[in-house]
Every structure is written in C-alpha cells, then in structure tokens.
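Asker: Sequence and predicted structure, then a few things I'm wondering about:
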Amino acid sequence: MIRFEHVTKRYADGTTAVDDLSFEVAEGELVTLVGPSGCGKTTTMKMVNRLVEPTSGRILLGGEDIAAADPVQLRRRIGYVIQQVGLFPHKTVLENTATVPQLVGTPKAAARARAAELLELVGLDPSVYGGRYPAQLSGGQRQRVGVARALAADPPVLLMDEPFGAVDPVVRERLQNEFLALQKTVRKTILLVTHDLEEAVRLGDRIAVYGAGTIEQFDRPAAVLGAPANAYVASFVGADRGLKRLAVTPVRAADLEPADGTAPEATVPLGSSLREALAALLRQDAGRIGVADPESGRLAGVLTPQGVHRALRRAESAEDGGS
Ligand SMILES: Nc1ncnc2c1ncn2[C@@H]1O[C@H](COP(=O)(O)OP(=O)(O)OP(=O)(O)O)[C@@H](O)[C@H]1O
C-alpha cells in the first residue's frame, strides 16, 4: 500500500535526514517508526503526504508514484494526526470533526451526522462534547478529537506523529488501547511515529527501528525484542524495560491459542519465561510452539508471536498497576 524505494532526503543545509530508505507497509497494517530524536522519523512521514519532497527515490501509494499526484488530492486520501492536534480553537468539537468532509463537498447535515458518529467511536458522547470548544477539553479528549477528525474523511491511509504524546502515561495507555480496538474495525493503513519503544511494541503490527536516517530493523514486535538485528537495535531495546520483562514473565494458559491437532515442532513447559519461549519460537520456522502442562506433559495450547505480545502487555499492565 505504501512503498518506499531508495528514498533519500537531504535538507538545504546538507543534513541527510533519511538515507536510502526502502520498506513497505501492507494494506490495513499499522507500522510504528521508533528511534531516538532526530533520526528521520517525521521526515519519513511528511514525505508520504508531500509536506517534504524526497531528494531521490520514489514513494508509491497503492502502486501510484506520489510525485505525480496533486498534493491537495493526495492529502485528502491521507489522514494526518499530530501531537499538537491542531484543532481550530473557534470551532466546536463537532465543527472541527466535520471540517474535512465539508471541504470535500459533503453537505453540512451529512458531514455533521458523520462527525457525531466518529466522536461516538472515539469515546466522546457528541451530545456532551460536540458543542464544546477545544479549550474546554482535557488533553486526552483533544487527542481523541484529532483522531476522529483524521478519520472523518475516511482516508485509506493515516499518518500519526506522536498522536498520544501530550498526555500522562495512564491516559496514554487508555488511548492506545482504544485506538487498537478502533483499528480492528476501521483497518486503515497506518504509519505511526513514536520515540517510545513500549508504544511501538504495543501498537505496531511491525516496527521500524530507526538509526540515523536508516531503518536498522523492520520486523514484528516480538522479533525486534527477542532477536535484535544488530548491536544498535539490541542496545535500543535493551535500554527498555520490555526486554527485561521477557525474562521475568512466565507463559500462561491465557496467552495460548488452542492446538489445532498438528504436533508442534518444539514444546516448552507452561510457566517458562517468555524469553525462553521466544527463543524456541525463533529457532524454528513454524511461527508457533507447543506449550505443555509440566505435570501431565499434555499440550496446553500453542504460543505464537502474537501470544508473546499479549503476554508482554499483560505483564506491563500488571506492573503499572502494582507500582
Ligand atoms: N527543514 C529542515 N531543515 C534542515 N534540517 C532538518 C529540517 N527538518 C528536519 N531536519 C533535520 O533532519 C533530521 C531528522 O529530523 P526528523 O524531524 O525527521 O527527526 P525525528 O526522528 O522525527 O525526530 P524527533 O523524534 O525529535 O521528532 C534532524 O537532524 C533534523 O535536525
């Protein structure tokens, strides 16, 4: 759906922000871009909606070279959510949300009805919040309006730059979870920038770990955490609590999927650490391992990378709740 082919961006002052970048985001996939400040994440994203033009290389959207697209038309197909939300202060929440559909010619009543639906979808009762002004909302509520507004034009693609950045960690996690649930129904193709590895792991179907202007690893969260591609990625994920959590979090029955009758190639006992389980998972190609009851030796279910991911999230919320 979004494809970068050898894309380089050198700014006028000679800074190479992005260096020969190639990757692809599948339709309906959520890819998180994570890395330290200044590594080129925002530049990558702004090249997709042509707020920044590449110096060389091409970017394809649905197979079409975006360099040939009219930027205004292009941006109508791409929702953009930024940290500072950018709501119009003198418009109500409902008017803010209905802005884009009205711009593209949707009649006012229909645009407002759609806006009300979207506010409902992001957890803001339109009869309570629709008539408020942005200044009368909390930071988390404003960010929800930002998400609703980006979805209002029903774009197939969403670019999100630190969309949950401006709120405290508890609200942030709630917004992330709500957003994941929403994405299950709307299935947009999403590029999401964050500097927070935990957010990248929680939200991403795949993660692009940035070094300086290049992607050091592009893979599923469990693979990035469990099998870093190089020393840079190892130190980036190692600095985070997530990896340590792998070693201290046991595999539980709730993390498993039912066995489908075929014998798994490898088996670990229930209660093994996620790190051991992940190592076993990565040693063979099936993408799943068996987990056996240590007492009876019977197969309790199978563990997939998604199961590891779920277990990590569970461990994380337990830890946050306990501290
Ligand atoms: N308009 C510009 N002119 C010159 N250099 C720029 C410009 N915009 C960004 N840069 C530089 O390009 C590099 C990448 O910037 P970019 O904003 O893409 O990084 P980032 O990974 O999004 O960082 P952050 O997490 O801090 O937002 C940085 O060194 C930055 O200083």
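Answerer: Cool, the structure landed.
Asker: From here on, just use CA atoms for contacts and neighbour counts.
Answerer: Will do.
Asker: pLDDT score for Glu120?
Answerer: On pLDDT, Glu120 comes in at 87.
Asker: is it true that it touches Pro126?
Answerer: Yes. The pair Glu120 / Pro126 is scored as a contact, 6.3 Å apart, by CA atoms under 8 Å.
Asker: Neighbour count: those two, which is higher?
Answerer: Pro126 (19 against 16; other CA atoms under 10 Å).
Asker: residues contacting the spatially closest residue to the more buried one that is not a sequence neighbour?
Answerer: Spatial nearest neighbour of Pro126, chain neighbours left out: Ala116 (5.5 Å); criterion: CA to CA, 6 or more residues apart in numbering. Residues in contact with Ala116, defined by CA atoms under 8 Å, 6 or more residues apart in numbering, are Leu94, Pro126, Gly130.
Asker: and if we set it to 10 Å?
Answerer: Taking CA atoms under 10 Å, 6 or more residues apart in numbering, we find Ala116 in contact with 93-95, 97-98, 110, 124-127, 129-130, 148, 152.
Asker: from these, which has minimum pLDDT?
Answerer: Ala152 (83).
Asker: Up against the ligand, what does the stretch 1-150 of the chain have?
Answerer: Among all residues of the stretch 1-150 of the chain, those adjacent to the ligand (criterion: CA under 6 Å from any ligand atom) are Tyr11, Asp13, Thr15, Ala17, Pro36, Ser37, Gly38, Cys39, Gly40, Lys41, Thr42, Thr43.
Asker: Enumerate every residue touching Leu299.
Answerer: Pro258, Ala259, Ala263, Pro264, Thr267, Val268, Pro269, Leu270, Gly290, Val291, Ala292, Asp293.
Asker: Which strand residues bridge it?
Answerer: Note on Leu299: beta-bridge partners by DSSP bridges are Ala292.
Asker: domain assignment for this protein?
Answerer: According to automatic domain parsing, the chain comprises the domains 2-241, 250-322.
Asker: From the chain's centroid, how far away is the last one?
Answerer: Right, domain 250-322. Between the centre of domain 250-322 and the centre of its chain there are 24 Å (CA atoms, centre = their mean, to the nearest Å).
Asker: I'd like the average pLDDT over it.
Answerer: Here the average pLDDT along domain 250-322 is 83.
Asker: all strands of the chain, in order?
Answerer: 2-10, 16-25, 30-34, 56-61, 64-65, 78-82, 157-161, 189-194, 206-210, 215-219, 267-269, 289-292, 299-303 (DSSP state E).
Asker: weakest of the ones you listed in terms of mean pLDDT?
Answerer: Comparing mean pLDDT across the strands of the chain, the weakest is strand 78-82, with a mean of 85.
Asker: what about stretch 200-220, how long is it end to end?
Answerer: Start-to-end span of stretch 200-220 (CA to CA, to the nearest Å) is 10 Å.
Asker: do it and the ligand meet?
Answerer: No. Applying CA under 6 Å from any ligand atom, one finds stretch 200-220 out of contact with the ligand, separated by at least 7.1 Å.
Asker: Distance from the chain centre to that stretch, please.
Answerer: That offset, for stretch 200-220, works out to 10 Å (CA atoms, centre = their mean).
Asker: Let the chain start at 43 from now.
Answerer: Okay, residue one is now 43; in that scheme the one you just asked about reads as stretch 242-262.
Asker: tell me which residues of that stretch are tucked away?
Answerer: For stretch 242-262, burial by neighbour count (16 or more other CA atoms under 10 Å) applies to 242-262.
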